[in-house]
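Q: Below are the sequence and a predicted model for it; my questions follow.
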There are 2 protein chains.
Amino acid sequence: MKATLKDVAAEAGVTVTTVSRVLNNRGPISEKTRRKVYDAINKLDYRPNEAARSLGKKRTNVIGVIVPSIANPFFSELVNHLEAYAFSKGYHIELCNSYHEEYKEKEYLSLLQENRVAGIIISSRTEDIGKYLTDRLPVVSFERIINETTAAVTCDNYEGGKLATEHLLHCGCKHLAAFQIKSGVPMSADKRIDAFRDTCKANGIEFKIFQATESQFQSMRFQDFSMEILKKQKGIDGFFIPGDVAAIQFITACQKCGIRVPDEIQVVGFDDISMATWVHPQLTTIHQPIEQMSKIAVNTIIDFDPNSFIPLQSVLPVSLIERESTRSLT
Amino acid sequence: MKATLKDVAAEAGVTVTTVSRVLNNRGPISEKTRRKVYDAINKLDYRPNEAARSLGKKRTNVIGVIVPSIANPFFSELVNHLEAYAFSKGYHIELCNSYHEEYKEKEYLSLLQENRVAGIIISSRTEDIGKYLTDRLPVVSFERIINETTAAVTCDNYEGGKLATEHLLHCGCKHLAAFQIKSGVPMSADKRIDAFRDTCKANGIEFKIFQATESQFQSMRFQDFSMEILKKQKGIDGFFIPGDVAAIQFITACQKCGIRVPDEIQVVGFDDISMATWVHPQLTTIHQPIEQMSKIAVNTIIDFDPNSFIPLQSVLPVSLIERESTRSLT
């Protein structure tokens, strides 16, 4: 019989919460407690991801996926990976677009539960989501942190913002600016701009932050906004646009204004969607490992056992992909 | 009690097939027969789309959607419309990517039937699909014609190819070329190139057709292919690239080669995906009315009645959207 989270806690003489904290490497935990927990895990051969799927027979092999809009290339590429990996494991995807509308999320959440889905991957509005969920249904939030008891998969957004900003400095930029792309809800991606701000300050660099609106995020239209900024703001030579769809349109706006990229303005995006290589100049950007992130999200649902579930908050590393919209000083 | 297709046939004294042909306006039908059928329809107040949903209780409210890859922006925008309209009607989408792999299509087709979906919308490989389907499950093919007994929704691909070619001529182009984008299976979109060829011939214009491969279609990578063509072929001043993803990358290839669009080469795409407006120059293209096409596809499934089903083959009009990659002579 396989060990459960409770067995580990009992063996270590600590609470289940403490075991969860150790495994998530979260909160202040003494080295002594950490040692006890890992000793118990090793002794009992506890493997959370291989725990028996006690709900296997009661649930369908459908995974509900809620995204703001599948028309957004980041989410279409994400869902492409989710579907491919889920299929390889015998699972299928029910697709839900929320447009960040709370009523639509609520209706989908209750519908998916009625349909006895195996689990839900949500990358949409997440306020008060807990109200609509039972303890026995695995939910994974994607690029959104709901709370400590919900599993989450994100990329290292802060590190990505830091890499992007440092790269612009390394390319010789002296006056930086960034777009803050509001989706209407708190997102892990907000950390990209925190990192931009911190990195500028640490390097004593002047910077500006321009607020894009939720409606721009939803409609994916950033050109007029970009044109306005370019007309008013002179002297900025490096832009961090933390979303490739917006970054590509910002470069288009530069071209319309007769501003050469990267000669006069250098641009770094975020996401590394396919389109980043389809345009001229090709976009320098921060790569999110969405294939690996998708596998973790799907596995979290497939391996779910309500008796030993650990809401892991997985943060995956990002990398800078240098292309043509920036030019390193050598 | 509502009239069925059989009632109409009996009343008109013709076969069900003949009624279907009249309603589809397909095949040689005498005016006398046509009149008899319409008289019967009027007399019986037959309305195929309002027929009772006899299967309503036996089926789920899930519609299976099979596309080659949701990562392709055309399909992600299509699925976005399908989901939005289906949701408004109380239906939901199960998403299947086939990558044109026959084994994956087969597995999804049998799985969707086992799961008792309300119907299937398929825009993927379609050879021999009939083998895997029952008569009592509505199937709508999207931009693919399967056979006369399967409902289909396409845009007027031939007209689109004609509009694109005539526009290039109207813009003063003297030497035309087109990409033929093979997906590995016969597609309604092949008619775009038939129209290009016919229109060039009718106008006595020299033309070339370059064959893109299935692997380029699947990977959505068209830049190297475009570069090769641009290096070898001189003197072509107008390109019809019947897919926006390829057309955008062709323009990028022009820019890499120092060729100005539209000054030296003019380009017309096909589809009118959002991205056509995100790039510089913005892409002149043929607009497919995918929102209306999506509604027809979903309604065909929702309104399905096996006793009165007419496999309508709906062909929707397209339009030319002039942007910046061409320049009309005024």
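A: Cool, got the structure.
Q: what does the model give the residue most central in space within chain A for pLDDT?
A: Geometric centre of chain A, nearest residue: residue A:143, 2.5 Å, by Cα atoms, centre = their mean. Note for residue A:143: predicted pLDDT of 83.
Q: wait, isn't residue A:231 in contact with residue A:257?
A: Yes - contact criterion Cβ atoms under 8 Å: residue A:231 and residue A:257 qualify, at 7.3 Å. For every residue, glycine as well, the C-beta is placed using N, CA and C.
Q: ok, these two, which is more surrounded?
A: residue A:257 (13 against 10; other Cβ atoms under 10 Å in any protein chain shown).
Q: Chain neighbours aside, what residue packs nearest to the more buried one?
A: residue A:230 (5.0 Å; Cβ to Cβ, 6 or more residues apart in numbering or on different chains).
Q: The one you found in helix, strand or coil?
A: At residue A:230 the chain is in helix, as set by DSSP: H, G, I helix; E, B strand; the rest coil.
Q: Which residues are in contact with the residue nearest to the centre of chain A?
A: Shown in contact with residue A:143 (Cβ atoms under 8 Å, 6 or more residues apart in numbering or on different chains): A:123, A:153, A:154, A:155, A:187, A:188, A:189.
Q: I figured the fourth one hits residue A:289, correct?
A: What it means is residue A:155. Yes - counting by Cβ under 8 Å, residue A:155 touches residue A:289, with 6.6 Å between them.
Q: Neighbour count: these two, which is higher?
A: When neighbours are counted by other Cβ under 10 Å, residue A:155 and residue A:289 differ, and residue A:155 comes out ahead with 27 against 17.
Q: Pull the number of nearby residues for the nearest residue to that one once chain neighbours are set aside.
A: Once flanking residues are discounted, residue A:155 sits nearest to residue A:288: 4.4 Å by Cβ to Cβ, 6+ apart. Residues lying near residue A:288 (other Cβ under 10 Å) number 27.
Q: Please apply the same query to the one 10 residues further on.
A: As a burial measure, the neighbour count of residue A:298 was computed by other Cβ under 10 Å and equals 28.
Q: now it: how far from chain B?
A: 14 Å (Cβ to the nearest Cβ, to the nearest Å).
Q: what's the answer for residue A:312, then?
A: Separation of residue A:312 from chain B (Cβ to the nearest Cβ): 26 Å.
Q: Also residue A:306?
A: From residue A:306 across to chain B, the span is 24 Å (Cβ to the nearest Cβ).
Q: What of residue A:258?
A: Distance, residue A:258 to chain B, using Cβ to the nearest Cβ: 11 Å.
Q: With residue A:80 instead?
A: In terms of Cβ to the nearest Cβ, residue A:80 sits 4 Å off from chain B.
Q: which SS class is residue A:80?
A: Classification of residue A:80 using three-state DSSP returns helix.
Q: where's the residue in the stretch 101-250 of chain A that chain B sits nearest to, which helix or strand?
A: Nearest to chain B, among the residues of the stretch 101-250 of chain A, is residue A:249, at 5.1 Å (Cβ to the nearest Cβ). Using DSSP states H and E, residue A:249 falls within helix A:244-256.
Q: what about that helix, distance to the chain center?
A: 23 Å (Cα atoms, centre = their mean, to the nearest Å).
Q: So whichever helix or strand comes after it, near chain B or not?
A: Next along the chain after helix A:244-256, taking DSSP H and E as the criterion, comes strand A:266-268. No - for strand A:266-268 and chain B, the contact criterion (Cβ under 8 Å from any Cβ of the partner chain) is not met; the two come no nearer than 13.3 Å.
Q: counting contacts, what elements does strand A:266-268 pack onto?
A: helix A:157-170, strand A:238-240, helix A:244-256 (3 or more Cβ pairs under 8 Å, 6 or more residues apart in numbering or on different chains; DSSP states H and E).
Q: Mean neighbour count and mean pLDDT added to these, as a markdown table?
A: A markdown table is the format used below for the helices and strands packed on strand A:266-268 (neighbours: other Cβ atoms under 10 Å in any protein chain shown; pLDDT from 0 to 100):
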| stretch | mean neighbour count | mean pLDDT |
| --- | --- | --- |
| helix A:157-170 | 22 | 98 |
| strand A:238-240 | 28 | 98 |
| helix A:244-256 | 24 | 97 |
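Q: Could I get the phi/psi values of the residue nearest to residue A:161 when sequence neighbours are not counted?
A: What sits nearest to residue A:161 in space, not counting adjacent residues and going by Cβ to Cβ, 6+ apart, is residue A:195, at 3.0 Å. With angles defined as degrees, to the nearest 10, residue A:195 sits at phi -70, psi -40.
Q: Just list the residues touching residue A:195, thanks.
A: Counting by Cβ under 8 Å, 6+ apart, residue A:195 has contacts A:157, A:158, A:159, A:160, A:161, A:162, A:165.
Q: Got the confidence number for it?
A: So, for residue A:195, pLDDT stands at 97.
Q: In three-state terms, label residue A:65 for me.
A: Classified using three-state DSSP, residue A:65 is strand.
Q: what pairs with it across the strands?
A: Beta-bridge pairing for residue A:65 (DSSP bridges): residue A:95, residue A:121.
Q: My read is that it contacts residue A:97, right?
A: No - in this structure, residue A:65 is not within contact of residue A:97 by Cβ under 8 Å, at 9.8 Å.
Q: quick one: which of these two has more around it?
A: Higher neighbour count among residue A:65 and residue A:97: residue A:65, with 32 against 26, using other Cβ under 10 Å.
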